[in-house]
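Novice: Got a predicted model here, sequence first, then my questions.
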Amino acid sequence: MPAESYAAIPSCASLFSRAIADGCRSCSGASTNTGSFTATSGRPNRNYFKTQCYASVECDEEPVKYTIDYLGNERLVFSTDFPHVDTKYPKAVERFLQLPIGDKDKRKILWDNCAAYYGIADG
């Protein structure tokens, strides 16, 4: 990933939270610690998130089922939150597999989306 792409990551998180909070009205901009970001595409936030951002899911985040309902499963990836003290590692994957979401969603979050993000071919 090019270095300039990392600067957009906080903006994506900000857009994601705004997409949920404002019912996906058009975004005029999001402030980040790296400066100012303005969504000029005219697309609603939800659509912008679906094409430009990824969000991580930890193993005990049951509300992910609502995120999947609202935004889909295409841009979600798995995180153990290691090495923080509240991590569920080394049992994080086992705990994630107990979340109340479908097997297809689990596969997308655990593998498919991560592989797509890093450009790893499936198969």
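Specialist: All right, it came through fine.

Novice: only C-alpha atoms for contact and neighbour calcs from this point on.
Specialist: Fine.

Novice: what residue ranges in the protein score low on pLDDT?
Specialist: When residues are selected by pLDDT under 70, those of the chain lie in 1-45, 122-123.

Novice: ranges for the strands of it?
Specialist: Ranges of strands in the chain, per DSSP state E, are 30-32, 35-37, 55-58, 76-79.

Novice: burial count for T67?
Specialist: Using other CA atoms under 10 Å, T67 has 13 other residues around it.

Novice: what does Y118 give?
Specialist: When neighbours are counted by other CA under 10 Å, Y118 registers 9.

Novice: All further residue positions should be reported with the first residue as 57.
Specialist: Yep, numbering from 57; the last one is Y174 now.

Novice: That one and L155: what is the separation?
Specialist: Y174 sits 25 Å away from L155, going by CA to CA, to the nearest Å.

Novice: One more: K144?
Specialist: Counting by CA to CA, the separation of K144 from L155 is 14 Å.

Novice: where do the contact lists of those two overlap?
Specialist: Listed as contacting both K144 and L155 by CA atoms under 8 Å, 6 or more residues apart in numbering are C115.
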